[in-house]
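Trainee: predicted model and sequence follow; I will ask about them next.
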Number of protein chains: 2
Amino acid sequence: MTGPFAHGEDAFLERLRRRFAVPAAPRGGLGIGDDAAVLPGRPRRVVTTDLLVEGQHFRFDLLAPADLAVRALEANLSDIAAMGAQPEAVFLGLAWPRGAAASRRLEPFLAALARACRARRVPLLGGDTVRAPQGATTLALAVTGLPHRGGPVLRSGGRPGDALVVTGALGGSALGLALLEGRVRVSREAGARRLAERAAARYRRPRARLAAAPALAARASALIDLSDGLGLDLPRLARASGCGFEVRADLLPVDPAAARLLPPDEALRLALRGGEDYELLAAVAPGRLAGLLRRLAAVGVPAAAIGRLLPARAGGRLRTGGTVRRWVAAGWDPLRTGRSRGLDAAASRSVLPAGRRRPAAG
Amino acid sequence: MTGPFAHGEDAFLERLRRRFAVPAAPRGGLGIGDDAAVLPGRPRRVVTTDLLVEGQHFRFDLLAPADLAVRALEANLSDIAAMGAQPEAVFLGLAWPRGAAASRRLEPFLAALARACRARRVPLLGGDTVRAPQGATTLALAVTGLPHRGGPVLRSGGRPGDALVVTGALGGSALGLALLEGRVRVSREAGARRLAERAAARYRRPRARLAAAPALAARASALIDLSDGLGLDLPRLARASGCGFEVRADLLPVDPAAARLLPPDEALRLALRGGEDYELLAAVAPGRLAGLLRRLAAVGVPAAAIGRLLPARAGGRLRTGGTVRRWVAAGWDPLRTGRSRGLDAAASRSVLPAGRRRPAAG
């Protein structure tokens, strides 16, 4: 691939950041490069925007309109949580195609979005709707948020020695998508089917970790959400913090369904590279780790320490027993057409979908 | 047309507003229904979002990528000005099609947007870019703004007796589009060609009335921008204010090119119904009118009093000499497929484009 997208999303955003460096963000604010921008004032506000395109980010044969509404909202709420903030207001731009099939989808989409906004107590304060002349349903979401005490938490605040903490479990959403696409089959045994259904639900209806945000705002030194997978998102946090890192494979919280339904190496690959879990990854000073884990447990958020930040010269590493391998940044990159580079040779038979056609919101 | 879009944009937004009424906007804030939403705090912020779709809002055979960048930005800045606010930050979502022709457009688009942001001293603080698998270039803009002293000014603050004031001149952008589409021909005479070029530039590169916003924030009781045309936007302001209105046709500031190049009745039609001039329409208490016009003149913004608000029972009226006609709400409605209803029988031979295929940003 050539042109401005040639180096993937991170490189494109970096070029965009340089191109739009003047005028700079207002004093006390923050521009391109984190999960959300920061606007100064009292209170400071965080703002995240997102564009979801049918065929690129989602497919209606795998995702009901109501699922799309929940996914789109939760993916953006996750960006707000990843700033240590609570959502304040939602703005929605909709380009909806003409035709009977598309029109039938609009009502359940809007009804589900209204329900989801009520459930999250976030008002929708602006809307813009156009009939798309061509086929792709497109959603543009913008969400504003208000930092919890101690926030906003940026990607850039991590220091060598900080513990790396991840909420929940990883790989469930990617497994759910693989199941929906028929790339993985499960036995007819009841326990296996229940796990498979749970994984599919994780893909269809992710849930942002809003409950974890107050504790993380108070104690985390750096924070990011796992939308593109640990493989890509951890290096982003580390790079922004000017650090290297090491992760212990045996400490990774692998999604229970993936752990039960897949061979161990494949389950680990999904935990490392499957995106769209919308869990949070934090760097925490060692002295604050125990307190953070206690507070997260108190609000019902599972969390695990999986490794630590290192000096930048260490690069990124994955430790498996006594073996240390170089970290390969791989996951979901919306601007790459080719397949992501594999962590190992097993990539070619992975259940991970090809990057280009991957239907995914986030 | 059936379904949720059947009653046009205003009706759809009203249904959206009701559907998303819970949870309500935070205290001191404002949701759907004005040029921008209002978020409480110090300072209060205004937020506007916009979705522009190729084929629906613009066509690259009429609009260069650099023009598109300027139009998209200025249309959103106009919404900020229409709240009596100054722009604070821009967020851009881009869905850009694959292929050589589309790729060649991206660089000039981004370069022009960066120039326009610098010229307006507005930082771009967030970006999200995806490769669109299908053909339509789509832009999602969000702009935040900070109210000037006395602002934000809503559509709803007008009172019967208030003077109606419009900045600049009307109909130039619609004439420019008609010229670009070859629906109007001009003589080869130098003066006529210069006017035609100026009208085309008004379509291609509109300029939001940011300079007028401080004066209007201090003195206007209600404010809206003219993106869909006076025919539609004036009734919106009047309805929000619970008023009727009367406009005097002889006071309408008709674009000089339209006045020179078109028959008088056609020029008047463009001034009434041509959209995308991105001028501002204000309601002003009679005692503040002279002061407002002086302050606008002092910052170089032409302005004219064109009529006044009336009690609601009066409805909307257009006075031409001794004749008073009922106002017909007509202009550019992105959700209507059919042609807008005409102000008179001349509609069928008007230079105004059909609503459905009209390429327009706003």
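Mentor: Happy to help now that I have it. Numbering: from 1, shown residues only, chains lettered A, B, ... in the order given.
Trainee: which of the residues in stretch A:261-277 are buried?
Mentor: If you call a residue buried by 16 or more other C-beta atoms under 10 Å in any protein chain shown, then stretch A:261-277 has these buried ones: A:261-262, A:266-277. For the C-beta atoms, the positions are set from N, CA and C on the backbone; glycine is no exception.
Trainee: show the end-to-end separation of that stretch, please.
Mentor: Stretch A:261-277 has an end-to-end distance of 18 Å (C-alpha to C-alpha, to the nearest Å).
Trainee: what of stretch A:183-196?
Mentor: Counting by C-alpha to C-alpha, the terminal residues of stretch A:183-196 are separated by 12 Å.
Trainee: for stretch A:55-71, same thing?
Mentor: End-to-end for stretch A:55-71, by C-alpha to C-alpha: 15 Å.
Trainee: which of the buried residues of stretch A:261-277 fall in helices?
Mentor: Filtering those for membership in helices, criterion DSSP state H, returns A:261, A:266-273.
Trainee: let me know the closest of those to chain B.
Mentor: A:Arg273 (19.8 Å; C-beta to the nearest C-beta).
Trainee: is it true that that closest one touches A:Ala330?
Mentor: Yes - A:Arg273 is within contact range of A:Ala330, at 5.3 Å (criterion: C-beta atoms under 8 Å).
Trainee: identify the residues contacting the nearest residue to A:Gly151 once chain neighbours are set aside.
Mentor: Nearest non-adjacent residue to A:Gly151, counting by C-beta to C-beta, 6 or more residues apart in numbering or on different chains: A:Gly84, 3.2 Å away. A:Gly84 is in contact with A:147-148, A:150-153, A:213-214, A:216-217, A:220, A:223, counting by C-beta atoms under 8 Å, 6 or more residues apart in numbering or on different chains.
Trainee: quick revisit: would you turn the ones in helices among the buried residues of stretch A:261-277 into JSON lines with distance to chain B and pLDDT?
Mentor: Shown next, in JSON lines, are those (distance: C-beta to the nearest C-beta, whole Å; pLDDT from 0 to 100):
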{"residue": "A:Leu261", "distance to chain B": "30", "pLDDT": "94"}
{"residue": "A:Glu266", "distance to chain B": "28", "pLDDT": "92"}
{"residue": "A:Ala267", "distance to chain B": "29", "pLDDT": "94"}
{"residue": "A:Leu268", "distance to chain B": "29", "pLDDT": "94"}
{"residue": "A:Arg269", "distance to chain B": "25", "pLDDT": "92"}
{"residue": "A:Leu270", "distance to chain B": "23", "pLDDT": "93"}
{"residue": "A:Ala271", "distance to chain B": "25", "pLDDT": "95"}
{"residue": "A:Leu272", "distance to chain B": "24", "pLDDT": "95"}
{"residue": "A:Arg273", "distance to chain B": "20", "pLDDT": "92"}
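Trainee: on the pLDDT front, check the residue nearest to A:Gly151 for me.
Mentor: For A:Gly84, the model assigns a pLDDT of 98.
Trainee: buried residues, the lengthiest helix in chain A. List them.
Mentor: If you go by DSSP H, chain A has its longest helix at helix A:100-120. Residues of helix A:100-120 classed as buried by neighbour count (16+ other C-beta under 10 Å): A:102-103, A:105-106, A:109-110, A:112-114, A:116-117, A:120.
Trainee: swap in stretch A:17-37?
Mentor: A:19-20, A:25-26, A:29-37.
Trainee: give me the subset of the contacts of A:Gly84 lying in helices.
Mentor: Filtering the contacts of A:Gly84 for helices - DSSP H - leaves A:213-214, A:216-217.
Trainee: quick check: the farthest pair among these?
Mentor: By the measure C-beta to C-beta, A:Pro214 and A:Leu216 form the most distant pair in those, at 7.4 Å.
Trainee: for the contacts of A:Gly84, which one is nearest chain B?
Mentor: For the contacts of A:Gly84, the nearest to chain B is A:Pro147 (12.2 Å; C-beta to the nearest C-beta).
Trainee: can you give me the helices for chain A?
Mentor: A:8-19, A:65-81, A:100-120, A:172-180, A:190-204, A:213-219, A:230-241, A:256-261, A:264-273, A:286-298.
Trainee: which residues are contacting the last one?
Mentor: This means helix A:286-298. Contacts of helix A:286-298 (C-beta under 8 Å, 6+ apart): A:161-163, A:165, A:167, A:212, A:215-216, A:218-220, A:282, A:284, A:302-303, A:305.
Trainee: now do stretch A:116-128: everything it contacts.
Mentor: A:69-70, A:73-74, A:77, A:87-94, A:113-114, A:140, A:142-143, A:210, B:13, B:16, B:20, B:22-26, B:29-32, B:36-37, B:39, B:47-51.
Trainee: who's in contact with A:Lys43?
Mentor: Slight slip there: residue A:43 is Pro, not Lys. Per C-beta under 8 Å, 6+ apart, neighbours of A:Pro43: A:146-147, B:41.
Trainee: check which helices and strands the lowest-mean-pLDDT helix or strand in chain A sits against.
Mentor: Each helix and strand of chain A was given a mean pLDDT (mean pLDDT, DSSP states H and E); the minimum falls on helix A:8-19 at a mean of 80. Packing contacts for helix A:8-19, counted by 3 or more C-beta pairs under 8 Å, 6 or more residues apart in numbering or on different chains; DSSP states H and E, involve helix B:100-120, strand B:124-132.
Trainee: who is the residue in the stretch 101-250 of chain A positioned nearest to chain B paired with across the strands?
Mentor: Closest to chain B within the stretch 101-250 of chain A is A:Ala140: 3.2 Å, counting by C-beta to the nearest C-beta. Note on A:Ala140: beta-bridge partners by DSSP bridges are A:Leu51, A:Gly93.
Trainee: can you check A:Ala222 too?
Mentor: A:Ala283.
Trainee: just the pLDDT for it.
Mentor: 98.
Trainee: OK, contacts around it?
Mentor: A:153-158, A:162, A:237, A:240-241, A:282-283.
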